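**Student:** with the sequence up front, the predicted model follows.
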Amino acid sequence: MTRLSFGLGLLISLGWVTEASAQAVAPAPPAVPTATIPTAPPATDNTTPPAVDQTLPPAPPAPSGPAPALADNPPPPAPLAPTAPASTVAPIKRSRTFATLQLGGGYFHATSGTDSDTRRFSGGTISGLLAVGGRMGQRRTVALAGAFLRDQVLGLRSKDQRIDGDEPNLDNVKFGLWAVGILLDVATQWEPGLHFQGLAGVGALSVSRGSRSSGDPDDPTGLMASVAAGYEFKVGEHWALGGLLRATYAPLDVNESTGTTVYVVVPALLLTASGR
């Protein structure tokens, strides 16, 4: 009995060992892969962006040797604009000689008589002047010259303040004012332009009659003066042309039995030609 139990136990032990060995030798079954489901990150009020690598690249190595000096190699200068060559031609100075010729027309007005019986003469004029002299000063803008002035009256007529039978007969009667004096011309600039003139001298009112008798009065004579302003333009190298407005005044005395003075006023507009 005892032997039967021992043999049964031995068989059972051998069978267990054989099964364990077979399980150890048999390969394990392959594992089945399982899919991983991503999960969303938890929601937050302030989402923090992913960190960025802010690491800067290394700085390049400094060049060896001394730094170049700017003063040793300055930048090239900018090109200059071409300049016009200076003129070597000297300006032409005015001549020392002064000469002017003036010709134009004007209006003649003269009064004579007494306060209670005034007589007026009037008419148009052909007016002219010729002067020759010299210039003075460094800029030669002032000139002095001897001058001859003439105003020939055309269409002479008269009017008496009171009609009393002594009215003059002007048939074949001609008036002409003339004067000789010193002319002063002052220019405002070296070149021809604005200028002023003044004339002072002695003059007379020449009265020409068709037939002259011994009882006719002498021509009125006396001092006279005129002032003028004009403007001239350069024409050529030695000449200037322009215009001139002149006013002449002459209080002339006449030797009559009653004794009287003739007051003459002549405004005139003239064309001028002057030497430079």
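**Tutor:** Done, it's in.
**Student:** what about the helices in the chain?
**Tutor:** For the chain, applying DSSP state H gives helices covering 2-25.
**Student:** can you give me the strands in it?
**Tutor:** 97-113, 118-136, 142-160, 174-187, 194-208, 221-235, 239-254, 260-275 (DSSP state E).
**Student:** could you dump those strands to TSV with distance to residue 167 and mean pLDDT?
**Tutor:** Any C-beta I mention is one placed from the backbone N, CA and C, and that applies to glycine too. Output for the strands of the chain, formatted as TSV (distance: least, CB to CB, whole Å; pLDDT from 0 to 100):
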stretch	distance to residue 167	mean pLDDT
strand 97-113	11	94
strand 118-136	8	94
strand 142-160	5	93
strand 174-187	16	95
strand 194-208	16	94
strand 221-235	24	95
strand 239-254	17	94
strand 260-275	15	93
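**Student:** mean neighbour count and distance to residue 77 for these - can I get that in a markdown table?
**Tutor:** Shown next, in a markdown table, are the strands of the chain (neighbours: other CB atoms under 10 Å; distance: least, CB to CB, whole Å):
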| stretch | mean neighbour count | distance to residue 77 |
| --- | --- | --- |
| strand 97-113 | 19 | 54 |
| strand 118-136 | 18 | 50 |
| strand 142-160 | 17 | 51 |
| strand 174-187 | 19 | 48 |
| strand 194-208 | 18 | 48 |
| strand 221-235 | 18 | 44 |
| strand 239-254 | 18 | 49 |
| strand 260-275 | 18 | 53 |
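**Student:** which one of these lies nearest to residue 76?
**Tutor:** Residue 76 lies closest to strand 221-235 among those, at 48.0 Å (CB to CB).
**Student:** sheet partners, orientation included, of that closest one?
**Tutor:** Strand 221-235 pairs in its sheet with strand 194-208 (antiparallel), strand 239-254 (antiparallel), by DSSP bridges.
**Student:** tell me how many other residues crowd the closest residue in space to residue 252 that isn't next to it in sequence.
**Tutor:** The shortest distance from residue 252 to any non-neighbouring residue, by CB to CB, 6 or more residues apart in numbering, is to residue 220 (3.5 Å). Neighbour count of residue 220, defined by other CB atoms under 10 Å: 26.
**Student:** wait, residue 220 sits on residue 204?
**Tutor:** Yes - A contact is recorded between residue 220 and residue 204 when judged using CB atoms under 8 Å, the distance being 6.5 Å.
**Student:** between the two, what contacts are shared?
**Tutor:** Both residue 220 and residue 204 are contacted by residue 252, under the criterion CB atoms under 8 Å, 6 or more residues apart in numbering.
**Student:** circling back to that earlier point, could I get the strands paired with strand 221-235 as TSV with distance to residue 123?
**Tutor:** Output for those, formatted as TSV (distance: least, CB to CB, whole Å):
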stretch	distance to residue 123
strand 194-208	12
strand 239-254	14
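**Student:** between those, which one is closest to residue 179.
**Tutor:** Ranking the strands paired with strand 221-235 by proximity to residue 179 (CB to CB) places strand 194-208 first, at 3.2 Å.
**Student:** now the angle from that closest one to strand 118-136?
**Tutor:** Counting by axes from the mean of the first three to the mean of the last three CA atoms, to 10 degrees, strand 194-208 lies at 130 degrees to strand 118-136.
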